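*Asks:* sharing a model prediction with you, sequence too.
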Amino acid sequence: MTRGLEFEEAVAIDPERLARLYADLGDRDADRMICDAMEDLALALARIGRAYAARDLDAIAHLAQGMERLSARIGLAKLEQVAESVRICAARGDVPGLDATLARLSRVGDRSLSAVWDPQYHSV
């Protein structure tokens, strides 16, 4: 039996960014900010999917840029990097590159959204 290609990427969380966030905001406000950012990231992933279906590259680039900022704010370094790649491909009109980076964004996004609360990925 042949299996298709399987991609599994490590999630990169910046524990120093999270620690700084908690130190600056306190536990309750940092948790609230992270929850809000996670919800916004999940919505952005869904919106990017709809924009892709409509072939709206400008919307994809704009949404990916927002994901970059949110990811950086809460220390999701890998997600930030992949969102940047999506933004660049969309801005350049590089559809084959966009196809690949969007698939990667979906994988990394799903794993990152789960991992931010998993203590194995950080030491806050």
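*Replies:* That came in fine, so what should we check first?
*Asks:* residues contacting the spatially most central residue of the chain?
*Replies:* Nearest to the mean C-alpha position of the chain, by C-alpha atoms, centre = their mean, lies Leu79 at 3.5 Å. Contacts for Leu79 (C-beta atoms under 8 Å, 6 or more residues apart in numbering) come out as Leu41, Met67, Ser71, Leu105, Val108, Gly109, Ser112. (C-beta placed from N, C-alpha, C; glycine too.)
*Asks:* go on, Ser112?
*Replies:* Counted by C-beta under 8 Å, 6+ apart, Ser112 has contacts Val11, Ile13, Leu41, Ser71, Leu76, Lys78, Leu79.
*Asks:* how does it look with 7 Å?
*Replies:* By C-beta atoms under 7 Å, 6 or more residues apart in numbering, Ser112 lies in contact with Val11, Leu76, Lys78, Leu79.
*Asks:* do you know how far it is from Ala54?
*Replies:* 25 Å (C-beta to C-beta, to the nearest Å).
*Asks:* can you tell me which one of the contacts of Ser112 sits lowest on pLDDT?
*Replies:* Within the set of the contacts of Ser112, pLDDT is lowest for Val11 (73).
*Asks:* could you list the low-pLDDT ranges of this structure?
*Replies:* Applying pLDDT under 70 to the chain flags residues 1-9, 116-124.
*Asks:* which residues of the protein fall in helices?
*Replies:* Applying DSSP state H to the chain gives helices spanning 15-25, 27-53, 57-74, 77-92, 95-115.
*Asks:* what inclination does the longest one have with respect to helix 15-25?
*Replies:* In other words, helix 27-53. 120 degrees (axes from the mean of the first three to the mean of the last three C-alpha atoms, to 10 degrees).
*Asks:* show me what helix 27-53 is packed up against.
*Replies:* helix 15-25, helix 57-74, helix 95-115 (3 or more C-beta pairs under 7 Å, 6 or more residues apart in numbering; DSSP states H and E).
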